[in-house]
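Peer 1: 3D, please:
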Amino acid sequence: MPSFDITSEADMVALKNAVDVAGRHIGNRYDFKGTSARAELNEKDKLITLYGDSEFQLSQVKDILFPEMEKKERESTKRLDIGKVEVVSGNKTKQVLKIKVGIEQELAKKIVKMIKDSKLKVQAAIQGDAVRVTGAKRDLLQEAIALVKKEISDFPLQYGNFRD
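Peer 2: Here you go, the predicted model:
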(Lines give C-alpha, C1' and ligand atoms only; values in the text may rest on other atoms or scores of the structure.)
Protein backbone atom coordinates (compact mmCIF):
# COMPACT_ATOMS: atom_id res chain seq x y z
CA MET A 1 0.00 0.00 0.00
CA PRO A 2 1.53 3.37 -1.00
CA SER A 3 2.44 5.77 1.79
CA PHE A 4 4.42 8.93 2.54
CA ASP A 5 5.49 10.92 5.58
CA ILE A 6 4.83 14.57 6.41
CA THR A 7 7.77 15.91 8.42
CA SER A 8 9.46 19.19 9.28
CA GLU A 9 13.24 19.07 9.47
CA ALA A 10 15.53 22.09 9.55
CA ASP A 11 18.51 22.05 7.21
CA MET A 12 21.16 22.91 9.80
CA VAL A 13 23.93 23.25 7.18
CA ALA A 14 21.89 25.88 5.30
CA LEU A 15 21.07 27.67 8.58
CA LYS A 16 24.74 27.70 9.61
CA ASN A 17 25.66 29.07 6.20
CA ALA A 18 22.97 31.77 6.44
CA VAL A 19 24.13 32.84 9.92
CA ASP A 20 27.76 32.97 8.69
CA VAL A 21 26.84 35.10 5.65
CA ALA A 22 24.72 37.42 7.83
CA GLY A 23 27.66 37.69 10.26
CA ARG A 24 29.91 38.81 7.41
CA HIS A 25 27.33 41.41 6.32
CA ILE A 26 27.06 42.69 9.88
CA GLY A 27 30.86 42.89 10.17
CA ASN A 28 31.09 44.90 6.94
CA ARG A 29 28.38 47.45 7.77
CA TYR A 30 29.75 50.83 8.77
CA ASP A 31 27.01 51.57 11.31
CA PHE A 32 27.80 48.31 13.18
CA LYS A 33 31.55 49.02 13.54
CA GLY A 34 32.60 48.88 17.20
CA THR A 35 29.23 47.55 18.41
CA SER A 36 28.25 44.20 19.87
CA ALA A 37 25.95 43.39 16.90
CA ARG A 38 26.27 39.73 15.88
CA ALA A 39 24.35 36.49 15.34
CA GLU A 40 25.44 33.10 16.72
CA LEU A 41 24.10 29.63 15.94
CA ASN A 42 24.12 26.90 18.58
CA GLU A 43 23.60 23.74 16.50
CA LYS A 44 23.39 21.38 19.49
CA ASP A 45 20.54 23.24 21.22
CA LYS A 46 19.10 24.52 17.90
CA LEU A 47 19.21 28.19 18.94
CA ILE A 48 20.16 31.38 17.14
CA THR A 49 21.20 34.17 19.50
CA LEU A 50 21.21 37.77 18.29
CA TYR A 51 23.24 40.43 20.11
CA GLY A 52 23.08 44.21 19.78
CA ASP A 53 23.45 47.53 21.58
CA SER A 54 19.72 48.32 21.39
CA GLU A 55 16.37 46.86 20.33
CA PHE A 56 16.62 48.85 17.11
CA GLN A 57 20.00 47.29 16.35
CA LEU A 58 18.55 43.81 17.05
CA SER A 59 15.80 44.49 14.52
CA GLN A 60 18.45 45.52 11.98
CA VAL A 61 20.35 42.27 12.61
CA LYS A 62 17.09 40.35 12.03
CA ASP A 63 16.53 42.32 8.81
CA ILE A 64 19.92 41.05 7.61
CA LEU A 65 19.57 37.47 8.90
CA PHE A 66 16.01 36.60 7.78
CA PRO A 67 16.49 37.22 4.01
CA GLU A 68 19.71 35.17 4.13
CA MET A 69 17.84 32.31 5.80
CA GLU A 70 15.09 32.49 3.17
CA LYS A 71 17.68 32.35 0.36
CA LYS A 72 19.25 29.19 1.78
CA GLU A 73 16.06 27.37 2.84
CA ARG A 74 12.57 28.44 1.78
CA GLU A 75 10.17 29.25 4.64
CA SER A 76 12.89 28.70 7.27
CA THR A 77 11.91 31.85 9.18
CA LYS A 78 8.46 30.35 9.83
CA ARG A 79 10.01 27.65 11.99
CA LEU A 80 11.59 30.17 14.38
CA ASP A 81 10.13 30.69 17.84
CA ILE A 82 11.18 34.28 18.57
CA GLY A 83 11.89 34.96 22.23
CA LYS A 84 11.61 38.29 23.99
CA VAL A 85 14.38 40.88 24.00
CA GLU A 86 16.57 40.63 27.11
CA VAL A 87 18.74 43.42 28.50
CA VAL A 88 22.24 42.21 29.30
CA SER A 89 24.82 44.25 31.27
CA GLY A 90 24.02 47.91 30.87
CA ASN A 91 22.59 48.85 27.51
CA LYS A 92 23.41 45.64 25.61
CA THR A 93 20.52 43.46 24.41
CA LYS A 94 20.09 39.92 23.19
CA GLN A 95 17.31 37.83 21.70
CA VAL A 96 17.05 34.06 21.38
CA LEU A 97 15.41 32.47 18.34
CA LYS A 98 14.53 28.79 18.90
CA ILE A 99 14.50 26.56 15.81
CA LYS A 100 11.47 24.25 15.86
CA VAL A 101 12.17 20.79 14.45
CA GLY A 102 9.50 18.17 13.88
CA ILE A 103 5.75 18.53 13.84
CA GLU A 104 4.26 19.48 17.19
CA GLN A 105 1.41 17.35 18.55
CA GLU A 106 -1.27 20.02 18.00
CA LEU A 107 -0.32 20.53 14.35
CA ALA A 108 -0.13 16.77 13.77
CA LYS A 109 -3.65 16.34 15.18
CA LYS A 110 -4.87 19.19 12.98
CA ILE A 111 -3.35 17.53 9.87
CA VAL A 112 -4.89 14.12 10.71
CA LYS A 113 -8.31 15.69 11.35
CA MET A 114 -8.12 17.69 8.12
CA ILE A 115 -7.30 14.58 6.07
CA LYS A 116 -10.10 12.57 7.72
CA ASP A 117 -12.63 15.40 7.19
CA SER A 118 -11.70 15.66 3.51
CA LYS A 119 -13.34 12.26 2.80
CA LEU A 120 -10.29 11.11 0.80
CA LYS A 121 -9.79 7.36 0.94
CA VAL A 122 -6.50 7.66 2.85
CA GLN A 123 -5.50 7.06 6.45
CA ALA A 124 -3.32 9.42 8.47
CA ALA A 125 -1.51 8.42 11.66
CA ILE A 126 0.82 10.32 13.97
CA GLN A 127 4.21 8.65 14.36
CA GLY A 128 6.43 10.57 16.75
CA ASP A 129 7.10 13.97 15.21
CA ALA A 130 5.84 12.94 11.75
CA VAL A 131 2.49 12.08 10.17
CA ARG A 132 2.26 8.98 7.95
CA VAL A 133 -0.40 8.95 5.25
CA THR A 134 -1.33 5.67 3.51
CA GLY A 135 -3.78 5.06 0.71
CA ALA A 136 -4.70 2.57 -2.00
CA LYS A 137 -3.55 4.71 -4.95
CA ARG A 138 -0.76 7.16 -5.62
CA ASP A 139 -3.28 9.73 -6.95
CA LEU A 140 -5.09 9.81 -3.61
CA LEU A 141 -1.80 10.49 -1.83
CA GLN A 142 -1.06 13.35 -4.22
CA GLU A 143 -4.49 14.81 -3.48
CA ALA A 144 -3.73 14.56 0.25
CA ILE A 145 -0.41 16.41 -0.27
CA ALA A 146 -2.20 19.15 -2.24
CA LEU A 147 -4.83 19.49 0.50
CA VAL A 148 -2.25 19.83 3.29
CA LYS A 149 -0.12 22.27 1.25
CA LYS A 150 -3.18 24.44 0.62
CA GLU A 151 -4.44 24.44 4.22
CA ILE A 152 -1.18 24.72 6.22
CA SER A 153 0.94 27.63 5.11
CA ASP A 154 2.19 28.96 8.45
CA PHE A 155 4.72 26.15 9.10
CA PRO A 156 7.22 24.57 6.66
CA LEU A 157 6.44 20.91 5.94
CA GLN A 158 8.26 18.31 3.85
CA TYR A 159 6.62 15.40 2.08
CA GLY A 160 8.96 12.46 1.69
CA ASN A 161 9.70 8.79 2.33
CA PHE A 162 7.29 7.84 -0.45
CA ARG A 163 6.78 4.08 -0.69
CA ASP A 164 4.79 2.17 -3.30
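Peer 1: okay, now stretch 26-40: how far is its last residue from its first?
Peer 2: 12 Å (C-alpha to C-alpha, to the nearest Å).
Peer 1: run through who's touching that stretch.
Peer 2: 19, 22-23, 48-53, 57, 60-61, 64-65, 92 (C-beta atoms under 8 Å, 6 or more residues apart in numbering). Backbone N, C-alpha and C define where each C-beta goes, glycine included.
Peer 1: who's the nearest residue to Ala37 once chain neighbours are set aside bridged to?
Peer 2: For Ala37, ignoring the flanking residues on the chain, the nearest one in space by C-beta to C-beta, 6 or more residues apart in numbering is Gly52 at 4.8 Å. Taking DSSP bridges as the rule, Gly52 bridges to Thr93.
Peer 1: what's the average pLDDT for whichever strand or helix holds Met69?
Peer 2: In the assignment (DSSP states H and E), Met69 maps to helix 55-72. The predicted model assigns helix 55-72 a mean pLDDT of 91.
Peer 1: just to revisit the earlier point, which one (most neighbours) among the contacts of stretch 26-40?
Peer 2: Leu50 (27 neighbours; other C-beta atoms under 10 Å).
Peer 1: circling back: residues contacting the residue nearest to Ala37?
Peer 2: Thr35, Ser36, Ala37, Leu58, Gln60, Val61, Lys92, Thr93, Lys94 are the contacts of Gly52 under C-beta under 8 Å, 6+ apart.
Peer 1: what do you get for Thr77?
Peer 2: Phe66, Met69, Glu70.
Peer 1: pLDDT value on it, please?
Peer 2: Looking at Thr77, the pLDDT reads 85.
Peer 1: how much space between Ala130 and Val122?
Peer 2: Going from Ala130 to Val122 by C-beta to C-beta, to the nearest Å gives 15 Å.
Peer 1: which of the contacts of Thr77 ranks first by neighbour count?
Peer 2: For the contacts of Thr77, neighbours tallied by other C-beta under 10 Å; top is Met69, 23 neighbours.
Peer 1: helices and strands around the lowest-mean-pLDDT helix or strand in the chain, which ones?
Peer 2: Least confident helix or strand of the chain, by mean pLDDT, DSSP states H and E, is strand 158-163 with a mean of 85. Helices and strands touching strand 158-163, by 3 or more C-beta pairs under 8 Å, 6 or more residues apart in numbering; DSSP states H and E, are strand 3-7, helix 138-151.
Peer 1: out of these, which gets nearest to Lys44?
Peer 2: Lys44 sits nearest to strand 3-7 of all these, at 20.6 Å, using C-beta to C-beta.
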